[in-house]
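Asker: Sequence below, structure please.
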Amino acid sequence: MLLVRTDLAVLSLVLAQAAACTYTPPIAGEGEGGGGGSSSSGMMPAGKEIFCGNQTCTNNQVCCLDLDVANNSICSEGGGCQYVRVDCDGPEDCPTGQRCCGHAAQTMTPVTEIRCDETCDFPNRVLCNIMTGAGCESGEICKDAPGIDDKRYSVCGPF
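Answerer: Now for the predicted structure:
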């Protein structure tokens, strides 16, 4: 009987987390507003994929990324994430002219959101493709992102 109650408690927790990530995609051509200069629509280009713990989010889904335990992360057609909202995991997920940017409040703090933006100034971090180095500018190298448990996330830097 204890096993059944534990299983129900775990299921209830998982469903509550999934329900917390609800999302209504913006109307084409309109931004999400309140982005403080972001020109990103908040939607990933069609056909793109985002690493999300043990899942891969596709098309208009976002990843609700748990920075500490990657396997707690979930894909959602939503933006009200309990964890960090991720719209991209590298340059291939962004429209031409934009970079995948991990936004941080200050130096040496974890990212609070990852999205496509035209600029990605310090203390924010540009995400890159560790296999190809794509996304980094000349003189930068692509390395594992500090503070993110999912090692498929990488950032540019002089390191």
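Asker: Run through the strands of this protein in chain order.
Answerer: Under the criterion DSSP state E, the chain contains strands at 49-52, 55-58, 62-65, 74-76, 84-86, 99-104, 111-117, 125-128, 141-144, 154-157.
Asker: In TSV: those strands, plus mean neighbour count, distance to residue 93 and mean pLDDT.
Answerer: Quick note: C-beta positions are derived from backbone N, CA and C, even for glycine. Shown next, in TSV, are the strands of the chain (neighbours: other Cβ atoms under 10 Å; distance: least, Cβ to Cβ, whole Å; pLDDT from 0 to 100):
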stretch	mean neighbour count	distance to residue 93	mean pLDDT
strand 49-52	21	6	91
strand 55-58	17	10	92
strand 62-65	28	11	92
strand 74-76	23	14	93
strand 84-86	24	9	92
strand 99-104	23	6	93
strand 111-117	23	7	93
strand 125-128	26	9	93
strand 141-144	16	15	92
strand 154-157	22	13	91
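Asker: For those, give me a markdown table that also has distance to residue 135.
Answerer: Listed next are the strands of the chain as a markdown table, based on distance: least, Cβ to Cβ, whole Å:
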| stretch | distance to residue 135 |
| --- | --- |
| strand 49-52 | 14 |
| strand 55-58 | 18 |
| strand 62-65 | 17 |
| strand 74-76 | 22 |
| strand 84-86 | 15 |
| strand 99-104 | 6 |
| strand 111-117 | 11 |
| strand 125-128 | 3 |
| strand 141-144 | 7 |
| strand 154-157 | 6 |
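Asker: Identify each of the helices in the chain and give its residue range.
Answerer: Ranges of helices in the chain, per DSSP state H, are 2-20.
Asker: Low-confidence regions, it specifically.
Answerer: 1-46, 78-79, 108, 159 (pLDDT under 70).
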